[in-house]
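Visitor: prediction below, plus the sequence it came from.
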Amino acid sequence: MVFWLFMLICTMILPICCIYYGNAFIKNPPEMNASKGYRTSKSMRSKDAWFYAHNLLGRIWRVLGFVLFVLSIAGMLYIRFAGVTAIAAMASVIVGLQIVALFCSAVPVEMGLNKRFK
């Protein structure tokens with residue numbers, strides 16, 4: 001049960017970070033720079049594009065974080081009485097899917113930048 005709890009906490013790290021940074025990008029996006037924030041060639045074309053990208057990404061990450069949080073808890077609850085190997089495998093799958101979802105969140109931001117800033 002201790003290992004399951006540890007794996008549950010590990011699977012909660014990325015959703016909590018998504019919620020935190022999503023709120024931070026909405027409320028106080030970083031100034032335009034080359035070291036932090038959502039840095040793509042399209043988002044760095046102008047300050048308007050920069051702030052639009054951060055606002056949109058923040059809203060996406062906030063929703064994505066809550067969805068991933070709920071789904072991760074559900075997945076870990078499903079396997080809570082299994083063996084260590086099954087728990088580790090489920091946690092690995094959950095974290096892998098979270099990473100894929102995180103990278104896929106850039107797609108609607110880039111599409112929005114293409115529509116709004118041609």
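Guide: Right, received. Where do you want to start?

Visitor: which element is Asn55 on?
Guide: helix 47-78 (DSSP states H and E).

Visitor: show me what that helix is packed up against.
Guide: Applying 3 or more C-beta pairs under 8 Å, 6 or more residues apart in numbering; DSSP states H and E, we find helix 47-78 packed against helix 2-27, helix 84-104, helix 106-116. For every residue, glycine as well, the C-beta is placed using N, CA and C.

Visitor: off-centre distance for it?
Guide: How far helix 47-78 lies from its chain's middle: 5 Å, per C-alpha atoms, centre = their mean, to the nearest Å.

Visitor: what angle do helix 2-27 and that helix make with each other?
Guide: 160 degrees (axes from the mean of the first three to the mean of the last three C-alpha atoms, to 10 degrees).

Visitor: mean confidence score for helix 47-78?
Guide: Helix 47-78 shows a mean pLDDT of 94.

Visitor: residues of that helix that come out buried?
Guide: The neighbour-count check on helix 47-78 (16 or more other C-beta atoms under 10 Å) flags 49-50, 52-62, 64-65, 68-69, 71-72, 75-76 as buried.

Visitor: what do you get for stretch 101-118?
Guide: Result for stretch 101-118 [16+ other C-beta under 10 Å]: buried residues Ala101, Leu102, Ser105, Val109, Gly112, Leu113.
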